[in-house]
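Chemist: the sequence and its predicted three-dimensional model are supplied below.
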Amino acid sequence: MAKVEKLVCVICGREYQQEDTEYTCLSCGREGILDIRYDYEAVKKTVTRDRLRSKSDYSIWRYGDLLPLSRFDLRFYLQVGWTPIYQVERLGRYYGLKSILIKDDGRNPTASFKDRASAVGAVRALEKGSRTIACASTGNAASSLAGLSASVGLESFIFVPQKAPQAKIAQLLIFGATVILVNGTYDQAYDLSMDACEEWGWYSGNAATNPYLIEGKKTVGLEICEQLDWEPPDVAIFSVGDGCTIAGAWKGFKEFYELGLTRKLPRMVGVQAEGASPVYRSFVTGEKLETIIPDTIADSIAVGKPRNYIKALNSIRESRGTMVTVSDEEIINSIKVLGEKAGVFGEPAGVAGLAAIPKLLEEGFMDRGEVICHVVTGNGLKDIQSAMKAKGTLISVEPHIEDVREKLHQRTSQEGD
Ligand SMILES: *Cc1c(COP(=O)(O)O)cnc(C)c1O
Ligand SMILES: [Zn+2]
């Protein structure tokens, strides 16, 4: 349990106590995203390398002393976090890197990174005495919130755009959520969900504007540091939709650094799809963010009106990082590269960051000897339609060994052409 000292608006800097407001700044409205700050002197006494080493809870709850919750008895049994991190030599060689680390967050209970946020959101809702929670999502936050709510008996209302991949909608139905399919974009679904929360008093589990959920996201940064024995990577790559994932991860890296547990900070790289790159454009031009109509197969980052871009840009600038865009074709290719070189299956938004690596090397942003960490934010089984576009080898045969021999022979001779 950590004592929250204050919540600070990222736009106007106004400070709040927890009782004052649950989501955003009262002066700036829905744009006024809040950042949670703790009493770090108190945290320093309880969060130490030794204390962490002695913990047997391998989930996000091991970082309870850096989370804004008070009722730890409300934690639940599903294992969120402490996903594996792999050093993948063959993938490193493919990109010409000395070292690449793949953290597979598709291994969370509902198969995406979003479980980190939903877990904290669900407990916060229970603490506030809510029985009902709602959010809008391109898909993963939805299935995640629905799954974790189901595990603690919260009712969930989920707003998703009609274009969400089938598997993610199937998850929602199985977890018993009331699914509201919005004939519109994610951005419209988002506004609708916020209006509905106001109208019916549901707890808003929208990570984009709920400061508690982003605290859950930061656990990925904390975890990477601890799993790498307190040696953070040189570069950490995340795909960017609303922007809270990269901002959350950065907060995690920074908190451990400021608590003296690590001695360096990674440079953060934010990756967007070419067809949904408003944050990238604002980063490059230095101008105010302009909303767009998103068009990319990477549904989880198909966001035209990112709600948390200020925090995202702050994290990139503060860390001396950068942003890159990648095409849908490059994303599809990355699904295959990761599968073939690492045996890890990621969804489009979960691998988009890999497509950025050749560009980052070309631009001289990083060199081949640095340690690069890429987080696979979602499992590939969530969107097999996109994966099928990556085209593997398919050989149809009659059920006789002769035919197999024949077809394999044909293939070998074709390859020789
Ligand atoms: C949500 C999501 C992202 C991006 O997170 P934001 O906070 O919206 O920037 C990336 N990858 C996957 C798989 C996601 O579900
Ligand atoms: Zn404000």
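Modeler: Yep, it's here. Residues are numbered from 1 along each chain as shown. Ligands and ions are numbered 1, 2, ... in the order given.
Chemist: where does the stretch 151-300 of the chain dip in pLDDT?
Modeler: By pLDDT under 70, the stretch 151-300 of the chain contains no weakly predicted segment.
Chemist: can you give me the helices for it?
Modeler: Remark: helices assigned in the stretch 151-300 of the chain by DSSP state H, counting those that start in this stretch are 166-174, 186-200, 211-217, 219-227, 244-258, 278-285.
Chemist: so what's the residue in the stretch 301-417 of the chain that ligand 2 sits nearest to up against?
Modeler: Per Cβ to the ion, I310 is where the stretch 301-417 of the chain lies closest to ligand 2, at 10.7 Å. Where C-beta positions appear, they are placed from N, C-alpha and C, glycine not excepted. Under the criterion of Cβ atoms under 8 Å, 6 or more residues apart in numbering, the contact list for I310 reads 10-11, 33, 243.
Chemist: same thing but at 7 Å, please
Modeler: Contact analysis of I310 by Cβ atoms under 7 Å, 6 or more residues apart in numbering lists 10-11, 33.
Chemist: I180 too?
Modeler: Neighbours of I180 in contact, by Cβ under 7 Å, 6+ apart: 157-159.
Chemist: and it, how far from ligand 2?
Modeler: For I180, the distance to ligand 2 equals 30 Å [Cβ to the ion, to the nearest Å].
Chemist: next: E231.
Modeler: 37 Å.
Chemist: what is the burial count for that residue?
Modeler: 13 (other Cβ atoms under 10 Å).
Chemist: for I60, same thing?
Modeler: Count around I60 with other Cβ under 10 Å applied: 28.
Chemist: right, and it touches A119 too?
Modeler: Yes - using Cβ atoms under 7 Å, I60 is in contact with A119, at 6.1 Å.
Chemist: quickly find the element holding the residue of the stretch 301-417 of the chain closest to ligand 2.
Modeler: I310 belongs to helix 309-318 when assigned by DSSP states H and E.
Chemist: can I get that helix as CSV, trimmed to CA atoms?
Modeler: Output of helix 309-318 as CSV, limited to C-alpha atoms (Å, rounded to 0.1, in the frame of the first residue of the first chain):
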residue,chain,number,x,y,z
TYR,A,309,-0.8,12.1,-25.8
ILE,A,310,0.6,14.7,-23.5
LYS,A,311,1.9,12.1,-21.1
ALA,A,312,3.2,10.0,-24.0
LEU,A,313,5.1,12.9,-25.5
ASN,A,314,6.5,13.9,-22.1
SER,A,315,7.8,10.4,-21.6
ILE,A,316,9.5,10.4,-25.0
ARG,A,317,11.1,13.8,-24.6
GLU,A,318,12.1,13.3,-21.0
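Chemist: let me know the secondary structure of E5.
Modeler: strand (DSSP: H, G, I helix; E, B strand; the rest coil).
Chemist: contacting residues for it?
Modeler: The neighbours of E5, taking Cβ under 7 Å, 6+ apart as the test, are 37-39.
Chemist: and D417, what pLDDT?
Modeler: D417 carries a pLDDT value of 52.
Chemist: same check on G392?
Modeler: Confidence score, pLDDT, at G392: 79.
Chemist: and for it, nearest residue in space, chain neighbours not counted?
Modeler: K336 (7.3 Å; Cβ to Cβ, 6 or more residues apart in numbering).
Chemist: write out the residues of the stretch 51-200 of the chain neighbouring ligand 1.
Modeler: Within the stretch 51-200 of the chain, the positions near ligand 1 by Cβ under 6 Å from any ligand atom are 112-114, 140.
Chemist: now the two most distant members of these.
Modeler: Greatest spatial distance among these (Cβ to Cβ): F113 and N140, at 7.4 Å.
Chemist: can you pull the contacts of L172?
Modeler: 142-143, 146, 158, 179.
Chemist: now swap in E223 and tell me
Modeler: Neighbour list for E223: 81-82 [criterion: Cβ under 7 Å, 6+ apart].
Chemist: could you do C197 as well?
Modeler: 134, 204 are the contacts of C197 under Cβ under 7 Å, 6+ apart.
Chemist: please repeat the previous calculation with a cut-off of 10 Å.
Modeler: Each residue near C197 by Cβ atoms under 10 Å, 6 or more residues apart in numbering is listed here: 23, 132-136, 157, 203-206.
Chemist: now W61, nearest residue through space, not along the chain?
Modeler: Ranked by Cβ to Cβ, 6+ apart and with sequence neighbours excluded, the top spatial neighbour of W61 is R75, at 5.2 Å.
Chemist: hmm, that neighbour is touching L69, no?
Modeler: Yes - contact criterion Cβ atoms under 10 Å: R75 and L69 qualify, at 8.3 Å.
Chemist: who touches both of those two?
Modeler: Listed as contacting both R75 and L69 by Cβ under 10 Å, 6+ apart are 61, 119, 123.
Chemist: restricted to helices, list the residues you listed.
Modeler: Among the shared contacts of R75 and L69, the ones falling in helices (DSSP state H) are 119, 123.
Chemist: by neighbour count, which of the shared contacts of R75 and L69 wins?
Modeler: A119 (31 neighbours).
Chemist: name the nearest residue to that one, sequence neighbours excluded.
Modeler: A119 sits nearest to V80 (Cβ to Cβ, 6+ apart), 4.4 Å away.
Chemist: re the thing from before, turn the contacts of I180 into a markdown table, including distance to G392.
Modeler: Rendered in a markdown table, the data for the contacts of I180 read as follows (distance: Cβ to Cβ, whole Å):
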| residue | distance to G392 |
| --- | --- |
| F157 | 39 |
| I158 | 33 |
| F159 | 35 |
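Chemist: just send those residues back as TSV, with distance to ligand 2 too.
Modeler: TSV is the format used below for the contacts of I180 (distance: Cβ to the ion, whole Å):
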residue	distance to ligand 2
F157	28
I158	28
F159	26
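Chemist: got a quick ChimeraX command for the buried subset of those residues?
Modeler: Buried subset of the contacts of I180, written as a ChimeraX selection, criterion 16 or more other Cβ atoms under 10 Å:
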select :157,158,159
